[in-house]
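J.: when you get a sec, could you give me coordinates for this:
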Amino acid sequence: ELKRLLHYAWTRIPFYATLYDEAGFHPGHFRSMADLTRIPEVTKTMLRQAPRDDLAPRSQRADQAEPNPVDWQHTHYLSTSGSTGEPVGLYKTKDSMWMFMAAAFHCYQQWCGDKPIQNVLYILDDKPGNIDYTLGDLLRTLSMEDRFVSSFSNVEAIWDALDHFRPEYISTYPSVMRNLSLYILENRIACPWVKLLNLTSEMLDSHTRHLIGQAFPAARIVETYTSTEAGFMGYQCLDKGGFHLSEELGIYELHPVNNAIEDDQSEAEHMTHSRDNLHKVVVTDLTNFATPLIRYSGLGDLVTPAVDKCQCGSRHQRIKSLQGRVVDSIKLPDGSRVTPYVLTNIVSDTPGIQKYQIIQTTAQTFTVKVVTGPDAPSQANLQTCIQAAFRKTLRNDAICTIEPVDDIKPKPGQHKVPLVISS
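T.: Below you'll find the model as predicted:
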């Protein structure tokens, strides 16, 4: 399938024709998976800077006579949310969207023990041109009732929808559930009817998972690994944890981005101070022929791979955890990066902090915006405590400024607030 995709991209998509010709690469150079790294990588910047027409199929090269496999009447131009910078757009076939849905429904069947839940609610990004907006349209063809709420709705409106429908199954984003969980806990509301929560599209840290578990004590929390560009990429393994990558839909390369563990480091110290456990994801989507995605490194996702076999029996690659994105990771003075969770865990563990956002302005300076409750320490004590913890964790003279705020809201047109903004 990859050989066919490469040939199609080179003959039909101007973006790839130019990229491969300039790199001296021809699809015929790929004979086996051993040749995978000979294929030029595609970055987010490349896609962002490419003229939109160059991402769409053209007439075949003069020496090619194969028919175009894409039904252009059934394609969608989708763009990312731009939460980590400027949005990136590409064309997707309806077939690739249905393959996304099929993979999601397969996981759903497993989560439900082959007894699908009928009472459901989807809290999704409803902006036209967004992948979830398009998937929502497909879902509406399968549902007798409109069970969709905009993720841009305020938390009171989302709660009203939950209270009205009383769904047993909810699918949404970690940031939405975090805000909803805070609202439920602050108002001492009981929500016993939710049995299954599917969280997707964003990283779910352990503290947010715990918070959601407190607000929805009867719910099983499951995750899927998805993106606008590459579609349905993976799913949480219910037997051993972590994620299996959806290798029936794509090819996933995990490239290490760090040095070997030091002899005098414990495993915990290594997780914090070294990048040895972090790998970059490079993905090839085998389902989409509108704008093919071949060896795409633009997701910027950092993961911890698993090397042991999974007891569930799956032979698919497994990753232990999603560790954030390169743009969210903390940059150290030596130029290396560590997972943002080493700092979010510090702030999350501080009593009295209800919401927060960590902003790294230089390699050693941070501003932490905080929304505090009545049991929070003074600003001076917060600053002393958090700065000391940052310095111990990062092993440098970090300077931390606490900035109390009334609320932390997303940027216009976005539904999520990043916990970390890195320089």
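
J.: show me the helices in the chain, by range?
T.: Assigned by DSSP state H, the chain shows helices spanning 2-12, 14-23, 44-49, 94-111, 131-140, 155-165, 174-186, 206-215, 267-273, 341-348, 379-394.

J.: so which of these gets nearest residue 314?
T.: Closest of those to residue 314 is helix 94-111, at 11.1 Å (criterion: CB to CB). For the C-beta atoms, the positions are set from N, CA and C on the backbone; glycine is no exception.

J.: give me the helices and strands touching the closest one, please.
T.: Packing partners of helix 94-111 (3 or more CB pairs under 8 Å, 6 or more residues apart in numbering; DSSP states H and E): strand 75-79, helix 131-140, strand 196-200, strand 220-227, strand 231-236.

J.: repeat the analysis, applying 6 Å as the threshold.
T.: strand 231-236 (3 or more CB pairs under 6 Å, 6 or more residues apart in numbering; DSSP states H and E).

J.: any chance of the helices of the chain in TSV, with mean neighbour count, distance to residue 199 and mean pLDDT too?
T.: Listed next are the helices of the chain as TSV, based on neighbours: other CB atoms under 10 Å; distance: least, CB to CB, whole Å; pLDDT from 0 to 100:
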stretch	mean neighbour count	distance to residue 199	mean pLDDT
helix 2-12	19	30	94
helix 14-23	16	33	96
helix 44-49	16	24	92
helix 94-111	18	12	92
helix 131-140	18	13	84
helix 155-165	15	15	94
helix 174-186	20	5	90
helix 206-215	17	8	90
helix 267-273	15	23	38
helix 341-348	21	16	80
helix 379-394	17	26	89
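
J.: let me have those helices in JSON lines, extended by distance to residue 323.
T.: Below are the helices of the chain laid out as JSON lines (distance: least, CB to CB, whole Å):
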{"stretch": "helix 2-12", "distance to residue 323": "27"}
{"stretch": "helix 14-23", "distance to residue 323": "29"}
{"stretch": "helix 44-49", "distance to residue 323": "18"}
{"stretch": "helix 94-111", "distance to residue 323": "22"}
{"stretch": "helix 131-140", "distance to residue 323": "23"}
{"stretch": "helix 155-165", "distance to residue 323": "28"}
{"stretch": "helix 174-186", "distance to residue 323": "14"}
{"stretch": "helix 206-215", "distance to residue 323": "12"}
{"stretch": "helix 267-273", "distance to residue 323": "10"}
{"stretch": "helix 341-348", "distance to residue 323": "7"}
{"stretch": "helix 379-394", "distance to residue 323": "15"}
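
J.: right, and those - which one's nearest residue 290?
T.: helix 94-111 (7.5 Å).

J.: which residues does residue 133 contact?
T.: Residue 133 is in contact with 126-127, counting by CB atoms under 6 Å, 6 or more residues apart in numbering.

J.: swap the cut-off to 10 Å and go again
T.: Under the criterion of CB atoms under 10 Å, 6 or more residues apart in numbering, the neighbours of residue 133 are 76, 78, 124-127, 148, 150.

J.: now swap in residue 402 and tell me
T.: Counted by CB under 10 Å, 6+ apart, residue 402 has contacts 347, 353, 356, 366-370, 372, 378-387.

J.: residue 232 versus the closest residue to it other than its chain neighbours, what's the distance?
T.: Spatial nearest neighbour of residue 402, excluding adjacent residues (CB to CB, 6 or more residues apart in numbering): residue 383 at 4.4 Å. Residue 383 is 43 Å from residue 232, where distance means CB to CB, to the nearest Å.

J.: and if you look at residue 80?
T.: 16 Å.

J.: so those two - more neighbours on which side?
T.: residue 232 (27 against 22; other CB atoms under 10 Å).

J.: so what's the more buried one bridging to?
T.: residue 226 (DSSP bridges).

J.: one more: residue 150?
T.: residue 124.

J.: related to what we said a few turns ago, for the helices of the chain, which one sits closest to residue 297?
T.: Among those, helix 44-49 sits nearest to residue 297 (CB to CB), with 7.9 Å.

J.: and the closest one, what other elements does it pack with?
T.: helix 14-23, strand 89-93, strand 293-296 (3 or more CB pairs under 10 Å, 6 or more residues apart in numbering; DSSP states H and E).

J.: neighbouring contacts of it?
T.: 15, 19, 40, 43, 54-55, 79-80, 84-90, 229, 291, 293, 296-300, 327.

J.: so residue 248 versus residue 394, what's the distance?
T.: Residue 248 is 41 Å from residue 394, by CB to CB.

J.: what about residue 371, neighbour count?
T.: By the criterion of other CB under 10 Å, residue 371 has 17 neighbours.
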